[in-house]
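S.K.: give me coordinates for this.
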Amino acid sequence: MSNANFNVTGILERVVSLDASDLHLTVGVPPVVRINRQLSTLSDYSSLTVEDIEAFLSQVLEPEQKDIFDVNRELDFSVALGTKARFRVNAFYQKGYPSVSLRHVPMVIPTLDQLNMPPIISSLCELRQGLVLVVGPTGHGKTTTVASILDRINELRAEHIITIEDPIEFIFTNKKSLIEQREMHTDTSSWDLALRAVLRQDPNVVMLGEMRDYETMAAALNVAETGHLVLATLHTNSASQTMERIIGTFPEGRRAEIQLQLAQILEVVLSLRLVPAKDGSVLPAVEIMLASEAVKNLIREGKTQHLDNIINTSSNLGMVSLERSLAQLVVDNKVDEAEAIKFALKPDEFRRLLK
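M.R.: Sure, this is the predicted structure:
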């Protein structure tokens, strides 16, 4: 087999036709795709060479991006396949060779109903201020969920929405709202500068692609505290872990201040898992922690280890534990028990809920 016809358009069209979520290009193996969370090799391609991957990158990188990649040895950017699809791309080196990972981003932003999200999440689109956090592992729908919430706001209200992303993924079309999207390295040089400047840009809603460190967390909290609605993602496993992570990122001397600030501005934490369903699709299991008075008090006092108990005993308010969400998928005969338990943070609790 030869990769003589290996080019950007051909391989990306193949990903779209297969409805794959990801594409991996690595020296020494054929292209690998992920379909419904399962990896498989495109066997009609031969093993990729350094030249194959360098040729691919030469077709998608601007000269300035190539310079950054050569220096940093890794780079986030996006690629469009005409009007068919977009891809979030990370180029990096491993074992001294270039590699590329691409995530397929649909051109049409799915609705919350299409994502099978619980109805309570639609109410988030009515929020005018505060902090909304969507958390979970990589590849479990955080960015898509945030995009769906933003697009619903776009349909309902005339707001000025500013996103800060690395890179831009979903492309929004103005409906009732004005949406401006800023991309790292192209439109701004740093998260910190972009977040400091955003308050001078008259926003109503700010979306932060990811809260990565002390500076971005502090700036995001300040934006929410000044009466804006802030949506952000974080790579954490649960609501309680999210609070611990944010508070623990700050120096010891500032933590009491941050606990108070979080208690004042937090609206909700959604923790997502995409679980393989019996019909071959994937369905979301969603932990929902709403900022009730009990939740705010625990955050204010730094007792985040007790947040799980509040979630478990506050179903009347709309809160749901991850284990209960997983158990419901099994009870509804949508997901196998053996599959669901793989995603449970507390397997014993999951089993108890199924009895």
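S.K.: the chain: helices as residue ranges?
M.R.: 8-17, 50-60, 63-72, 142-156, 191-198, 214-225, 239-249, 255-265, 293-301, 307-312, 322-331, 337-340, 347-354 (DSSP state H).
S.K.: would a markdown table of these with mean pLDDT and distance to R88 be doable?
M.R.: C-beta: built from backbone N, CA, C; applies to glycine. Shown next, in a markdown table, are these (pLDDT from 0 to 100; distance: least, Cβ to Cβ, whole Å):
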| stretch | mean pLDDT | distance to R88 |
| --- | --- | --- |
| helix 8-17 | 93 | 12 |
| helix 50-60 | 94 | 12 |
| helix 63-72 | 93 | 14 |
| helix 142-156 | 97 | 8 |
| helix 191-198 | 90 | 17 |
| helix 214-225 | 92 | 19 |
| helix 239-249 | 96 | 22 |
| helix 255-265 | 97 | 28 |
| helix 293-301 | 97 | 32 |
| helix 307-312 | 97 | 31 |
| helix 322-331 | 97 | 26 |
| helix 337-340 | 96 | 27 |
| helix 347-354 | 96 | 32 |
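S.K.: could those be laid out in TSV, adding mean neighbour count and distance to T41?
M.R.: Converted to TSV, the helices of the chain look like this (neighbours: other Cβ atoms under 10 Å; distance: least, Cβ to Cβ, whole Å):
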stretch	mean neighbour count	distance to T41
helix 8-17	16	12
helix 50-60	15	15
helix 63-72	12	26
helix 142-156	21	26
helix 191-198	18	36
helix 214-225	20	37
helix 239-249	21	35
helix 255-265	18	45
helix 293-301	17	46
helix 307-312	20	40
helix 322-331	22	30
helix 337-340	16	23
helix 347-354	15	32
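S.K.: can you tell me the closest non-neighbouring residue to L23?
M.R.: L102 (4.4 Å; Cβ to Cβ, 6 or more residues apart in numbering).
S.K.: can you pull the contacts of the one you found?
M.R.: L12, V15, D22, L23, H24, L25, V79, F87, R88, V89, N90 (Cβ atoms under 8 Å, 6 or more residues apart in numbering).
S.K.: buried only: go through those for me.
M.R.: Using 16 or more other Cβ atoms under 10 Å as the burial test, these include L12, V15, D22, L23, H24, L25, V79, F87, R88, V89 as buried.
S.K.: just those residues now: which is nearest A158?
M.R.: A158 lies nearest to R88 out of these, by Cβ to Cβ, at 29.1 Å.
S.K.: correct me, but the closest one touches E165?
M.R.: No. If you go by Cβ atoms under 8 Å, R88 and E165 don't touch, sitting 9.2 Å apart.
S.K.: now do the strands in the stretch 1-150 of the chain.
M.R.: 22-25, 32-35, 38-41, 74-81, 85-94, 97-105, 130-135 (DSSP state E, counting those that start in this stretch).
S.K.: just checking, what packs against the fifth one?
M.R.: Okay, so that is strand 85-94. For strand 85-94, the packing partners by 3 or more Cβ pairs under 8 Å, 6 or more residues apart in numbering; DSSP states H and E come out as helix 8-17, strand 74-81, strand 97-105.
S.K.: the last one too?
M.R.: For strand 130-135, the packing partners by 3+ Cβ pairs under 8 Å, 6+ apart come out as helix 142-156, helix 214-225, strand 229-234, helix 239-249, helix 255-265, strand 266-276.
S.K.: tell me the mean pLDDT over that strand?
M.R.: Mean per-residue pLDDT for strand 130-135: 98.
S.K.: domain ranges for the chain?
M.R.: 8-105, 119-354 (automatic domain parsing).
S.K.: between these, which gets nearest to T111?
M.R.: domain 119-354 (6.1 Å).
S.K.: hang on, the earlier thing: need the strands of the stretch 1-150 of the chain in a markdown table (columns: distance to E337).
M.R.: Shown next, in a markdown table, are the strands of the stretch 1-150 of the chain (distance: least, Cβ to Cβ, whole Å):
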| stretch | distance to E337 |
| --- | --- |
| strand 22-25 | 27 |
| strand 32-35 | 23 |
| strand 38-41 | 19 |
| strand 74-81 | 38 |
| strand 85-94 | 33 |
| strand 97-105 | 29 |
| strand 130-135 | 25 |
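S.K.: go through those strands and pick out the most buried.
M.R.: Highest mean neighbour count among those (mean count of other Cβ atoms under 10 Å): strand 130-135, with a mean of 24.
S.K.: partner strands of that one and their direction?
M.R.: Using DSSP bridges, the strands paired with strand 130-135 in its sheet are strand 229-234 (parallel), strand 266-276 (parallel).
S.K.: now those as JSON lines including mean pLDDT, distance to S190 and mean neighbour count?
M.R.: Shown next, in JSON lines, are these (pLDDT from 0 to 100; distance: least, Cβ to Cβ, whole Å; neighbours: other Cβ atoms under 10 Å):
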{"stretch": "strand 229-234", "mean pLDDT": "97", "distance to S190": "16", "mean neighbour count": "24"}
{"stretch": "strand 266-276", "mean pLDDT": "97", "distance to S190": "25", "mean neighbour count": "23"}
